[in-house]
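**Q** Just need the structure, nothing else, for what follows:
(one chain, ligands or ions: 2)
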Amino acid sequence: MRMSKMLIPTLREVPAEAEINSHKLMLRAGLMRRIASGVYAYLPLGFRTFKKIEQIIREEMDRENAQELVMSALIPAESYKETGRWDIFGPEMFRLKDRGNRDFCLGPTHEEIFTQTVKSGVKSYKNLPMTLYQIQTKYRDERRPRFGVMRCREFVMKDAYSFDKDEAGLDESYQAMYRAYSKIFDRCKLDYTVVEADSGAMGGSGSQEFMVKSEIGEAQIAYCESCGYAANDEKAECLEPVFNNDKELLSMEEVKTPNVKTIEQLCEFFNCEATNFAKTLIYKADDVIIAAIVRGDRELNETKLQNYLGCNELEMADDETVYKVTNAKVGFAGPIGLSIKIVADLEVKGMVNFITGANNTGYHYNNVNIDRDTKNLEFVDIRTITLGDHCPKCKNEISIARGIEVGHIFKLGDKYTKALDCTYLDQNGRSQTMLMGCYGIGVGRTMASIIEQNNDESGIIWPMAVTPYQVIIIPINISNEIQASMAEQLYNSLQDEGIEVLFDDRKERPGVKFNDAELIGIPLRITVGKKASEGIVEYKIRKTGDMDEIDIKKVIARVKSDILAY
Ligand code: ATP
Ligand code: MG
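**A** Ligands and ions are numbered 1, 2, ... in the order given. Next comes the predicted model:
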């Protein structure tokens with residue numbers, strides 16, 4: 001492609017909206033443009049890489065006998081109403097009405113539609129197992145779209161759904177997707193880890209996430225250097241601590257603490273550590289109000305709490321509700337005298353002489369002790385794992401890292417097939433419910449993650465497999481006839497060999513062209529300059545910065561071997 005004909009709006013300045021490297025570089029290199037918050041257009045260079053990633057995904061899915069099709073993005077409400085997800089999705093779902101006032105949405109994920117399709121098309125055990133997939137646009141009105149295409153509101157996902165006769169079949173289909181995903185992310189040259197993920201209160205017997213290790217990742221991973229255990233922090237189990245309480249139990253007292261509400265304020269007031277407090281949080285679990293308690297320095301894990309309670313929705317109670325159940329303003333809740341269900345973290349069991357709210361505005365209790373002062377606490381692991389915790393498998397110290405979730409594989413079991421009555425006839429002519437798995441990869445998020453892991457101060461460093469072009473040819477002076485004709489010939493010969501070439505035939509200064517070539521990250525650069533008259537060109541490798549001069553006759557062979565070796 002001739003650059004003089006292309007839309008590559010590179011930018012010198014870093015756009016203010018971009019916080020992370022991949023977002024900055026995708027805008028600076030002219031790969032994409034923002035249309036609205038969380039909505040992006042892919043420009044020609046970006047779209048080429050995007051299509052290559054799609055193609056890698058397609059090849060590896062096909063290799064595992066998954067079949068591609070494409071569903072609609074515009075979906076009638078009924079499908080989601082049957083499974084209850086029309087309500088569960090809440091404000092994240094983009095909803096609209098047609099001219100007949102019928103409800104529709106823009107699909108956020110397609111379990112229902114695939115299940116209905118298989119239900120009507122597959123009747124017998126002879127047609128199972130079956131895995132179907134699509135590479136299609138999804139719509140989610142995310143609370144906080146950010147980081148460019150990492151978390152946006154319109155994005156392309158490869159979503160696959162497997163249908164099986166039984167658990168053993170589901171296990172095989174799931175493993176096939178695990179293999180496909182590993183190959184896909186290997187081919188994209190991503191450094192990733194597979195972690196155990198939460199599979200929810202309702203169903204599902206297994207779930208793993210493919211995480212790209214990165215400082216800017218929104219997910220936290222807990223992993224063990226000794227035994228290889230890895231899980232995301234929603235899932236990672238905290239072990240019950242060993243308690244050795246030989247402290248004398250002091251008598252409980254009510255202390256006046258006007259305007260002292262936050263843990264920091266309390267630490268200052270009582271002149272002690274956050275570990276001396278048990279913080280009580282009031283939640284609304286579906287329609288039931290409950291209390292949850294964790295140590296003052298700990299983070300409550302809402303996924304664990306929700307799984308324990310088995311509720312569909314979990315949210316912090318509003319101020320009014322807190323007042324109603326605790327008789328006090330927010331900031332003064334505690335377990336003593338509360339008549340609602342109280343779930344306390346395992347660790348709280350071992351706390352002695354601790355401080356809690358007194359369910360009385362402006363008061364706390366000091367020297368509270370479990371059993372002696374509290375009643376009916378249910379002790380469960382409901383906090384988020386952190387540094388200092390131990391591996392739930394081998395008990396060695398746990399490490400914490402951040403990651404970007406690029407893919408997710410999930411055993412759904414009969415969650416959707418049961419709700420939508422998706423059955424098959426077994427060998428004995430009996431009707432059985434199919435078992436299902438679902439498997440997602442974000443194409444744009446994968447692209448951004450590749451850039452996040454492959455860049456330097458000059459720009460992107462594309463892996464060969466996903467680069468928009470493999471080679472860039474830069475004539476130093478396009479008005480010089482020898483240079484122009486050598487560059488032109490080289491451009492043609494490389495194309496004849498099936499190599500993807502970008503030809504910088506713009507009338508720009510060499511410095512501008514070099515900077516752009518580095519910024520857009522093309523792996524191999526060939527510069528045709530003064531030595532063209534001697535049949536010599538300059539050859540540079542983006543990844544290593546290695547540069548040498550080579551005979552024009554040897555260029556094609558060199559390019560071919562570098563493409564293979566890159
Ligand atoms: P997250 O926890 O990051 O919101 P999710 O659990 O909602 O992800 P899934 O529903 O499992 O994600 O979607 C499958 C894949 O789709 C994810 O692994 C990710 O690569 C991609 N994806 C999900 N949400 C977005 C988004 N808002 N923007 C871009 N890609 C996304
Ligand atoms: Mg999400």
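**Q** I'd like to know which residues of this structure are adjacent to ligand 1.
**A** Counting by CB under 6 Å from any ligand atom, the chain comes close to ligand 1 at 109, 140, 142, 151-152, 155, 157, 405-408, 440-442, 444-445. Quick note: C-beta positions are derived from backbone N, CA and C, even for glycine.
**Q** now do 8 Å
**A** Counting by CB under 8 Å from any ligand atom, the chain comes close to ligand 1 at 38, 108-109, 138, 140, 142, 145, 149-153, 155, 157, 159, 209-210, 218-219, 405-408, 410, 440-442, 444-446.
**Q** For those residues, which PyMOL command selects only the ones that are buried?
**A** Of the residues of the chain next to ligand 1, the buried ones can be selected in PyMOL as follows, counting by 16 or more other CB atoms under 10 Å:
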select buried, resi 38+108+109+138+140+142+145+149+150+151+152+153+155+157+159+209+210+219+405+406+407+408+410+440+441+442+444+445+446
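**Q** Which of the residues of the chain next to ligand 1 fall within strands?
**A** 138, 155, 157, 159, 209-210, 219, 405-408, 410, 440-442 (DSSP state E).
**Q** Gly30 touches Phe47, doesn't it?
**A** No - when contacts are counted by CB atoms under 8 Å, Gly30 is not listed as touching Phe47 (11.2 Å).
**Q** so who does whatever residue of the stretch 151-300 of the chain ends up closest to ligand 1 touch?
**A** Nearest residue of the stretch 151-300 of the chain to ligand 1: Phe155, at 3.8 Å (CB to the nearest ligand atom). The contact partners of Phe155, by CB atoms under 8 Å, 6 or more residues apart in numbering, come to Thr137, Lys138, Arg140, Val149, Gly442, Val443, Gly444, Arg445.
**Q** bridging residues for it?
**A** In this entry, Phe155 is beta-bridged to Lys138, by DSSP bridges.
**Q** same thing with Leu425?
**A** Bridge pairing for Leu425 - DSSP bridges - gives Ser124, Ser431.
**Q** ditto for Ser207
**A** Phe410.
**Q** who touches it in this structure?
**A** So Ser207 contacts Glu196, Ala197, Asp198, Ser199, His408, Ile409, Phe410, Lys411 (CB under 8 Å, 6+ apart).
**Q** ok, of the ones in strands among the residues of the chain next to ligand 1, which one's closest to Lys349?
**A** Of all these, Lys349 sits closest to Ala219, with 29.0 Å by CB to CB.
**Q** I'd say that closest one and Val406 touch.
**A** No - using CB under 8 Å, Ala219 is not in contact with Val406; the gap is 10.4 Å.
**Q** Look up the closest residue to the residue nearest the centre of the chain, ignoring the ones flanking it.
**A** Centroid-nearest residue in the chain, with CA atoms, centre = their mean: Glu405, separated by 2.7 Å. Residue nearest to Glu405 in three dimensions, not counting chain neighbours: Glu209, with 4.9 Å by CB to CB, 6 or more residues apart in numbering.
**Q** Now the element after the host helix or strand of Trp86, going C-ward?
**A** Secondary structure from DSSP states H and E places Trp86 in helix 85-88. Where DSSP H and E defines the elements, the next helix or strand beyond helix 85-88 is strand 94-97.
**Q** Can you point out the buried residues in that next one?
**A** Burial within strand 94-97, assessed by neighbour count using 16+ other CB under 10 Å, is assigned to Phe94.
**Q** what's in contact with it?
**A** Ala77, Asp103, Phe104, Cys105, Leu106, Pro108, Tyr139, Arg140, Asp141, Arg153.
**Q** Output those in a markdown table; the columns should cover pLDDT.
**A** Putting the contacts of strand 94-97 into a markdown table (pLDDT from 0 to 100) gives the following:
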| residue | pLDDT |
| --- | --- |
| Ala77 | 97 |
| Asp103 | 97 |
| Phe104 | 97 |
| Cys105 | 97 |
| Leu106 | 97 |
| Pro108 | 96 |
| Tyr139 | 98 |
| Arg140 | 97 |
| Asp141 | 97 |
| Arg153 | 98 |
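**Q** Please, a PyMOL command that selects the buried ones among the residues you listed?
**A** Buried members of the contacts of strand 94-97, defined by 16+ other CB under 10 Å, are picked up in PyMOL with:
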select buried, resi 77+104+105+106+108+139+140+141+153
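**Q** Make sure the residue nearest to the centre of the chain is actually in contact with Ser214.
**A** No - assessed by CB under 8 Å, Glu405 is found out of contact with Ser214, at 10.7 Å.
**Q** Surely Ile550 and Arg558 touch.
**A** Yes - counting by CB under 8 Å, Arg558 is a contact partner of Ile550 at 6.2 Å.
**Q** Name the residues contacting each of the two.
**A** Shared contacts of Ile550 and Arg558 (CB under 8 Å, 6+ apart): Tyr539.
**Q** still on that earlier bit, list residues touching both of Ala219 and Val406?
**A** Common neighbours of Ala219 and Val406, using CB under 8 Å, 6+ apart, are Met211.
**Q** ranges for the helices of the stretch 301-450 of the chain?
**A** 302-309, 319-326, 415-419, 443-453 (DSSP state H, counting those that start in this stretch).
**Q** Out of the ones you listed, which is the most enclosed?
**A** Ranked by mean neighbour count, the helices of the stretch 301-450 of the chain are led by helix 443-453 with a mean of 26 (mean count of other CB atoms under 10 Å).
**Q** hmm, who's touching that one?
**A** The contact list for helix 443-453, computed with CB under 8 Å, 6+ apart, reads 20-23, 25-26, 40, 46, 49-50, 53-54, 57, 135, 147-152, 155-158, 185, 188-191, 212, 214, 216, 404-407, 460, 462-463, 466.
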